[in-house]
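> Sharing a model that was predicted from the sequence below.
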Amino acid sequence: SEKLIINEKLQMIMNNKTMPETKVSITHFVPDIKKSGGAYLKTEGFIRKYDSFARKIIMSDKETIDIDAVVSVEFV
């Protein structure tokens, strides 16, 4: 149910004509490439593109976030 809420928020942002003006805070898990585990990171900014086919979020600063790693999306 949490993933459904996240997807609804992302769809709402992408369907909004003022998307470039909607600042978000996305908490997501980033795996450690050297060992098992990883860390939860919080990224703030503007979503440039939501690619549901590739399951990626591309931020305005070109950072790419895996949709399946997202644990929360908040409006800032």
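Thanks, I have it.
> Could you list the low-confidence segments of this protein?
Per-residue confidence for the chain (pLDDT under 70) gives these ranges: 17-20.
> Please report the distance of Lys3 from Ala69.
Lys3 sits at a distance of 11 Å from Ala69 (criterion: C-beta to C-beta, to the nearest Å). Every C-beta, even on glycine, is put in place using the N, C-alpha and C of the backbone.
> if you count what's nearby, which of these two comes out ahead?
When Lys3 and Ala69 are compared for neighbours, Ala69 comes out ahead with 17 against 11, by other C-beta atoms under 10 Å.
> Verify the stated contact: the more buried one with Phe29.
Yes: using C-beta atoms under 8 Å, Ala69 is in contact with Phe29, at 4.6 Å.
> so what's Val70 up against?
By C-beta atoms under 8 Å, 6 or more residues apart in numbering, Val70 lies in contact with Ile6, Ile26, Thr27, His28, Ile57.
> Pick the one among those residues closest to Thr43.
Nearest to Thr43 among the contacts of Val70, counting by C-beta to C-beta, is Ile26 at 4.9 Å.
> how about the nearest residue to the closest one, chain neighbours excluded?
Nearest non-adjacent residue to Ile26, counting by C-beta to C-beta, 6 or more residues apart in numbering: Thr43, 4.9 Å away.
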